[in-house]
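Next one to model:
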Amino acid sequence: MLLPLATLAQDVYEIKFILGVTQYRAALILWDNGTGKIRLRYYARDKTNMVEEYIKAENTDLGLRLTGYNPVYPGTTTPYPNYIADNFYLSQDENGRLTCTNIDDKGQTSACSIRLLNGYSAKQEFLSDFDWKLD
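Numbering: from 1, shown residues only. As a prediction, the model looks like this:
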């Protein structure tokens, strides 16, 4: 269905969305077993914040869902207070255009964009914005 997502071999994606007046930018790493992690950056309370969630790819009636769960402070197991987990629904139309919608665990919906990063150095540079790197 979604060729880049179908392989799930430590692929790196950039996801962007707006909820209310807050813009979110995320780095998503998916592994070959359909699991991954996502780090999301956003501005609130006069500072840039970052949260990490575990991700699981699942087929649904609405398309491929990247289900986020267990929001924590990046690199820890400490729960991130008051952050609502994200769920990204991806589908592809007959012309190959990818549609991305985020429906968080509270039911808040927002359109999002998703982009696959190519090349090891481009991935590493992008991930450095999230204090992250590939193994």
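
CA-only coordinates of the longest helix seen in the chain in PDB, if you can.
Counting residues, the longest helix in the chain under DSSP state H turns out to be helix 120-128. Only the C-alpha atoms of helix 120-128 are listed here, as PDB (Å, rounded to 0.1, in the frame of the first residue of the first chain):
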ATOM      1  CA  TYR A 120      22.300   8.600   6.000                       C
ATOM      2  CA  SER A 121      23.800  12.100   6.500                       C
ATOM      3  CA  ALA A 122      20.400  13.800   5.800                       C
ATOM      4  CA  LYS A 123      18.800  11.600   8.400                       C
ATOM      5  CA  GLN A 124      21.500  12.200  11.000                       C
ATOM      6  CA  GLU A 125      21.300  16.000  10.500                       C
ATOM      7  CA  PHE A 126      17.500  16.000  10.800                       C
ATOM      8  CA  LEU A 127      17.500  13.800  13.900                       C
ATOM      9  CA  SER A 128      20.100  16.100  15.600                       C
END
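
Just list whatever residues bridge to Arg115.
Glu14 (DSSP bridges).

Hmm, Asp11 and it touching each other?
No: contact criterion C-beta atoms under 8 Å: Arg115 and Asp11 do not qualify, at 11.1 Å. C-betas here are computed from N, CA, C, even on glycine.
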